[in-house]
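Enquirer: After the sequence you'll find the predicted model.
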Amino acid sequence: MTTFPLVISFYTKNTPYQLEIQNLIASCELYQIQHSIEGVDSFGSWEINCAFKPFYILGKLKEFQRPILWIDADGVFMKKPAVIAAFNSDLATRINGDCPDQHPSKIISSTIYVDFSAKGMNLMRLWAQESQRILNQENRNEEFWDQIALRNVLLANPDGAKIEALPLSYAKIFDHPKDLQSQEMAVIQHYQASRRFKKIINGND
């Protein structure tokens, strides 16, 4: 591909995310990056809001009929991005190669490239289904993370979709010890807003 994908994200209205995402919007405008970012009503909990992500991405693929780059609301462009080799895939996201397959952080879903392809779109459908399956498990005692549901789908990959790893620079966490060791300049940096806002979204503050 020769054109940078459309950047998309959503934030939950009337929550601190509504302010947090202004940094992403400002950085898109600064570097003249096409974007579609909008507010949605909270579904009542942080977990369910996160589980909406694959449904939202799939909807935007259908709406715009072009490749997209999802960025969590706490992400910011630190420099002008380029079209990278990982975009020649059905899906690209951060994959921690040194983590075992079943590790909860094997896949980091803060930045996700998805092609407007049959296999890319089906991965979103499968991710949505897996998210609902996990959320609805009886006697579930672990917090739902959308990246765990995505990990399960990508490891199974029933359609043989082309999956690539994004460079660390496209999903760098501002205070992660491993990320801080890297000399690679962040293109997209994430600020882990869930740590600060999760209790507020859940009404526990």
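Expert: Noted; the coordinates are in hand. Every value quoted in this text rests on a predicted model; they were computed, and no experiment measured them. Numbers count the residues shown, from 1 in each chain.
Enquirer: residues of the helix ranked longest in the chain that come out buried?
Expert: Looking across the chain with DSSP state H, the single longest helix is helix 118-135. By neighbour count with 16 or more other CB atoms under 10 Å, helix 118-135 contains the buried residues 119-124, 126-128, 130-131, 134-135. The way it works is simple: take the backbone N, C-alpha and C, and place the C-beta from them, glycine included.
Enquirer: Convert the C-alpha atoms of stretch 44-63 to CSV, please.
Expert: C-alpha atoms of stretch 44-63 as CSV (Å, rounded to 0.1, in the frame of the first residue of the first chain):
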residue,chain,number,x,y,z
GLY,A,44,-21.7,0.6,31.8
SER,A,45,-18.3,-0.9,32.5
TRP,A,46,-14.7,-0.6,31.4
GLU,A,47,-14.7,-4.3,30.3
ILE,A,48,-17.8,-4.0,28.0
ASN,A,49,-16.5,-0.8,26.5
CYS,A,50,-13.3,-2.5,25.6
ALA,A,51,-15.2,-5.4,24.1
PHE,A,52,-16.9,-3.0,21.7
LYS,A,53,-13.6,-2.3,20.0
PRO,A,54,-13.7,-5.1,17.3
PHE,A,55,-17.4,-4.3,16.6
TYR,A,56,-16.4,-0.6,16.1
ILE,A,57,-13.4,-1.4,13.9
LEU,A,58,-15.5,-3.7,11.7
GLY,A,59,-18.1,-1.0,11.3
LYS,A,60,-15.5,1.5,10.2
LEU,A,61,-14.0,-1.0,7.7
LYS,A,62,-17.5,-1.3,6.1
GLU,A,63,-18.1,2.4,6.3
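Enquirer: oh, and call the first residue 3 from now on, that's how I've got it
Expert: New numbering, starting at 3: the last item is stretch 46-65.
Enquirer: tell me the contacts of Val163?
Expert: Residue 163: Ala, not Val. Ser91, Asp92, Leu93, Lys121, Gly122, Asn124, Leu125 (CB atoms under 8 Å, 6 or more residues apart in numbering).
Enquirer: pLDDT score assigned to it?
Expert: Ala163 carries a pLDDT score of 98 in this model.
Enquirer: List the buried residues for stretch 144-155?
Expert: So, applying 16+ other CB under 10 Å, buried residues of stretch 144-155: Phe146, Trp147, Asp148, Gln149, Ile150, Ala151, Leu152, Arg153, Asn154, Val155.
Enquirer: so where's this structure shaky on pLDDT?
Expert: Along the chain, the parts satisfying pLDDT under 70 run over 3, 176-185, 195-207.
Enquirer: ranges for the strands of it?
Expert: Assigned by DSSP state E, the strands in the chain fall at 8-14, 37-42, 70-73, 77-79, 93-97, 109-116, 165-167, 174-175, 190-192.
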